[in-house]
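Enquirer: quick check, what structure comes out for this input:
(2 chains)
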Protein chains: 2
Amino acid sequence: MTDPGAGPAISSPRHPLVLEASRLRRSRARRESGRTLVEGPILVAAAATGGCRFDRIFGLASDVVGREVADEVGCPFVVVDAAALAKVATTQHPQSPVAVVTIPEESITPGKRALVAWGVGDPGNCGTLIRTAAAFGYDYFAGPGAAETWSPKVLRAAAGAHFHTGIGRAATLEQLGAGRVLVAAVARGGTPPGPLPGNAAILVGSEPHGLDAEVVAACGVAVTIPMAEGSESLNAAVAGAIVAFLGASGPGANLTPS
Amino acid sequence: MTDPGAGPAISSPRHPLVLEASRLRRSRARRESGRTLVEGPILVAAAATGGCRFDRIFGLASDVVGREVADEVGCPFVVVDAAALAKVATTQHPQSPVAVVTIPEESITPGKRALVAWGVGDPGNCGTLIRTAAAFGYDYFAGPGAAETWSPKVLRAAAGAHFHTGIGRAATLEQLGAGRVLVAAVARGGTPPGPLPGNAAILVGSEPHGLDAEVVAACGVAVTIPMAEGSESLNAAVAGAIVAFLGASGPGANLTPS
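Expert: Numbering: from 1, shown residues only, chains lettered A, B, ... in the order given. Presented below is the predicted three-dimensional model:
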């Protein structure tokens, strides 16, 4: 069976389409073009379900998911060999397919619960916070110093949650604060975590520094997770998840046991 | 001021001491020698506080922490230049110092609460589970398929928690079960998380597969974290942390607000 849309496989990492896509591995190229790379069948399928705009999908000739998604969203499926795939891939062990997509517009619901990465520079932690936000019905904000939301590393850590979570950016507390109660997650001195108002925005700080004192002071509430004696640190994404889970518990939470 | 213990800096990545240590970047060499590499001032200091046995510490001439810890534990401080440091370092951006330490014996407290990585192969998740175990007063078990507990990646993700947490290995449920209630963290079908008996062992499965059905069946309790509609996944370390935190809440928990 021939595939009229596929054409002969690109076997050169220097093919213009491959080179153009591979530039998106750099942050600056993503910012300038408004596009990013989405790698692997799970993320590519999630991007399609989430209504992403696809430029094209690169994939090995054997790639079924890549071809199906390309059909579904109506973009070209570009057959590549392993060397050309590696050139557009964002991991050491490239996973076919790799898609070039337009970074979606911000999609925040005013006054909705939000989880905020405030100075969290680690892409794994930011991705995990996005995944947690999606799981517990929060929007996600990248505050100052947060990892680049649509970078391939953050996309991977969020495991597809980018495509069904409200995502925005906030450079100042004022941008978060409109219609929201600000809640600082702090390592010491706060009250234990528990149910939060339905318009809470939970700020999670960097490791090991945490939130600046003036940021904490500007928040209406400060929450501290109790720990065993002698312990003093939790992973930032873990701390955010515990506060977010308990914050969304109680009446009107809309969390459903599976 | 001269430092009689330091000697001239090693500037060759092929120096025998450097080559010997650099072998420990491989899993097999760690297993055969019973030693591992501990990198960066925070982890090296934590290893010293935790009573680790040090063979030697490699560090740049300017490294104050490395020299101090070497003095304190009574091991040689080997001055290296950047190239030799890179050869023993386990990260892309080497952090002085790098220590060669003996992997400590297992140190499980019978019947104590435990957090168990059961098939969790991701080093970041296993390290975060160790950190969480330490924070909430649990011992940690590496079950079958768990990432190698004393690998540099797991050490980094645990941020020093290896050195003040009980750590063991369990190849079978029986090895965990002695004196413990087994609790399976599952994506669906369990009861919501809450306080657990003081001898609970919480099993966290891999992503996206989760725990095998027969493992869940063998556990006395299954717990599911409620999620927003349409969501279906949490990071494994996040799920384990929420179940562990709530499990250690309530009477007799010994978690103290900071």
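
Enquirer: and residue A:35, how far is that from residue A:75?
Expert: Residue A:35 is 13 Å from residue A:75, where distance means CB to CB, to the nearest Å. Quick note: C-beta positions are derived from backbone N, CA and C, even for glycine.

Enquirer: which one of those two has more residues nearby?
Expert: residue A:35 (22 against 19; other CB atoms under 10 Å in any protein chain shown).

Enquirer: so who does the more buried one touch?
Expert: A:24, A:55, A:100, A:101, A:102, A:103 (CB atoms under 8 Å, 6 or more residues apart in numbering or on different chains).

Enquirer: and it, how far from chain B?
Expert: Remark: distance between residue A:35 and chain B (CB to the nearest CB, to the nearest Å) = 26 Å.

Enquirer: and residue A:58, by the same measure?
Expert: From residue A:58 to chain B the distance is 24 Å (CB to the nearest CB).

Enquirer: give me the pLDDT value at that residue.
Expert: On the pLDDT scale, residue A:58 is placed at 98.

Enquirer: isn't it up against residue A:88?
Expert: Yes - between residue A:58 and residue A:88 there is a contact under CB atoms under 8 Å: 5.3 Å.

Enquirer: any idea how chain A splits into domains?
Expert: A:16-102, A:114-247 (automatic domain parsing).

Enquirer: which of the ones you listed sits closest to residue B:216?
Expert: With respect to residue B:216, and counting by CB to CB, the nearest of these is domain A:114-247 at 20.4 Å.

Enquirer: picking that back up, filter the contacts of residue A:35 to the buried ones?
Expert: A:24, A:55, A:100, A:101, A:103 (16 or more other CB atoms under 10 Å in any protein chain shown).

Enquirer: which residues in chain A form helices?
Expert: A:16-22, A:27-33, A:41-49, A:64-73, A:82-88, A:123-136, A:152-158, A:173-177, A:213-218, A:236-247 (DSSP state H).

Enquirer: could I get these as CSV with mean neighbour count and mean pLDDT?
Expert: Output for these, formatted as CSV (neighbours: other CB atoms under 10 Å in any protein chain shown; pLDDT from 0 to 100):
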stretch, mean neighbour count, mean pLDDT
helix A:16-22, 18, 97
helix A:27-33, 14, 98
helix A:41-49, 20, 97
helix A:64-73, 18, 97
helix A:82-88, 20, 96
helix A:123-136, 27, 97
helix A:152-158, 23, 97
helix A:173-177, 15, 90
helix A:213-218, 14, 96
helix A:236-247, 27, 97
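
Enquirer: mind checking the ones you listed for the one nearest to residue B:209?
Expert: helix A:41-49 (13.0 Å).

Enquirer: can you check what angle separates the closest one from helix A:64-73?
Expert: Using axes from the mean of the first three to the mean of the last three CA atoms, to 10 degrees, one finds that helix A:41-49 and helix A:64-73 are set 10 degrees apart in direction.

Enquirer: packing partners of helix A:41-49?
Expert: With contacts taken as 3 or more CB pairs under 8 Å, 6 or more residues apart in numbering or on different chains; DSSP states H and E, helix A:41-49 sits against strand A:53-59, helix A:64-73, strand A:98-102.

Enquirer: in JSON lines, list the ones you listed along with distance to residue A:10.
Expert: Below are those laid out as JSON lines (distance: least, CB to CB, whole Å):
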{"stretch": "strand A:53-59", "distance to residue A:10": "8"}
{"stretch": "helix A:64-73", "distance to residue A:10": "14"}
{"stretch": "strand A:98-102", "distance to residue A:10": "12"}
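
Enquirer: how about residue A:239, nearest residue that isn't a chain neighbour?
Expert: Closest residue to residue A:239 apart from its sequence neighbours, by CB to CB, 6 or more residues apart in numbering or on different chains: residue A:185 at 5.5 Å.
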